[in-house]
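Asks: Let me see the structure of the following:
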Amino acid sequence: MATLRKALLTFALCGTALTFPLGKRTAEFFDPRDGGGSMLDNAGSGGGEPLNVIISGLSSFEVLTDDGLLNYARAIGFSTECFGVHIGDPQTANLGDGNGALPQTVELRQDYGDSDVGTCLESLIGGNHFRVFRQDGPNANSGALFLAVSHEESVADSHTISSDGYNQGRDQLVQNAVGQTSFNGVNYSTTMRTIDGLLPIGATGINHGIAIDGSVTLLTVNIV
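Replies: Sure thing, here's the model as predicted:
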């Protein structure tokens, strides 16, 4: 029965969004720098935003699909943008997987407890948000999701990143994620590990000149 339930759940969440072969899920992630990539995305302004959270490629594979990630994001307090309207250009990242620099797959925002319209409040008063990049190229096909997480100010402040917004955004997302969460009948168990040395410390090369502490949080998410 448990096997059948998991199979049905896999079908419901995956649809056509599964983009990597299951047999190649052998790593949590690959360091983008080893393949000529970067742990900073390209914000288009001469600096980059840190990819400060990674969802491990050894997570339940449903979570790593587009639909599965959205359901998980809603379980930890994020959802799609207000009425599907995105302001600003998508950012790109090179994850060293052989795909080169690709645009973000999605941008999700804090939903303030309402997955339907709560992100409209985030667009107004500010809050947490993240961009998603998937590592699935031919040279490093981990399936891991690299997130550029940051906390931003209100529309009155032009949605600029908060003074400690990269560290703050990461820590807030991780606090919401770790432990037991659920959404739409799917239950998740998330563990974390802090990894140092992937990102620089300080403000050099960072978008808006905002200093970061250099830490990346690796999340492993299992459907239970």
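Asks: how about the strands of this structure, start to end?
Replies: With DSSP state E as the criterion, the chain has strands at 53-55, 78-79, 92-94, 101-103, 106-110, 127-134, 145-152, 179-183, 186-196, 215-223.
Asks: if I look at Gly100, how far off is Thr160?
Replies: According to CB to CB, to the nearest Å, Gly100 and Thr160 sit 29 Å apart. Quick note: C-beta positions are derived from backbone N, CA and C, even for glycine.
Asks: Please read the previous query as pertaining to Gly46.
Replies: With CB to CB as the criterion, Gly46 and Thr160 are 16 Å apart.
Asks: So for those two, which residue has more residues nearby?
Replies: Thr160 (13 against 8; other CB atoms under 10 Å).
Asks: Let me know whether that one touches Gly209 as I believe.
Replies: No. Between Thr160 and Gly209 there is no contact under CB atoms under 8 Å: 11.3 Å.
Asks: Any idea which residue is closest to the centre of the chain?
Replies: Closest to where the C-alpha atoms of the chain average out (CA atoms, centre = their mean) is Leu147, at 3.0 Å.
Asks: so what's it closest to, chain neighbours aside?
Replies: Closest residue in space to Leu147, ignoring its immediate chain neighbours: Val53 at 4.1 Å, by CB to CB, 6 or more residues apart in numbering.
Asks: sorry, back to before: turn the strands of the chain into JSON lines, columns for distance to Gly205 and mean pLDDT.
Replies: Converted to JSON lines, the strands of the chain look like this (distance: least, CB to CB, whole Å; pLDDT from 0 to 100):
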{"stretch": "strand 53-55", "distance to Gly205": "19", "mean pLDDT": "98"}
{"stretch": "strand 78-79", "distance to Gly205": "27", "mean pLDDT": "96"}
{"stretch": "strand 92-94", "distance to Gly205": "14", "mean pLDDT": "98"}
{"stretch": "strand 101-103", "distance to Gly205": "16", "mean pLDDT": "97"}
{"stretch": "strand 106-110", "distance to Gly205": "21", "mean pLDDT": "94"}
{"stretch": "strand 127-134", "distance to Gly205": "17", "mean pLDDT": "96"}
{"stretch": "strand 145-152", "distance to Gly205": "14", "mean pLDDT": "96"}
{"stretch": "strand 179-183", "distance to Gly205": "34", "mean pLDDT": "98"}
{"stretch": "strand 186-196", "distance to Gly205": "17", "mean pLDDT": "98"}
{"stretch": "strand 215-223", "distance to Gly205": "16", "mean pLDDT": "98"}
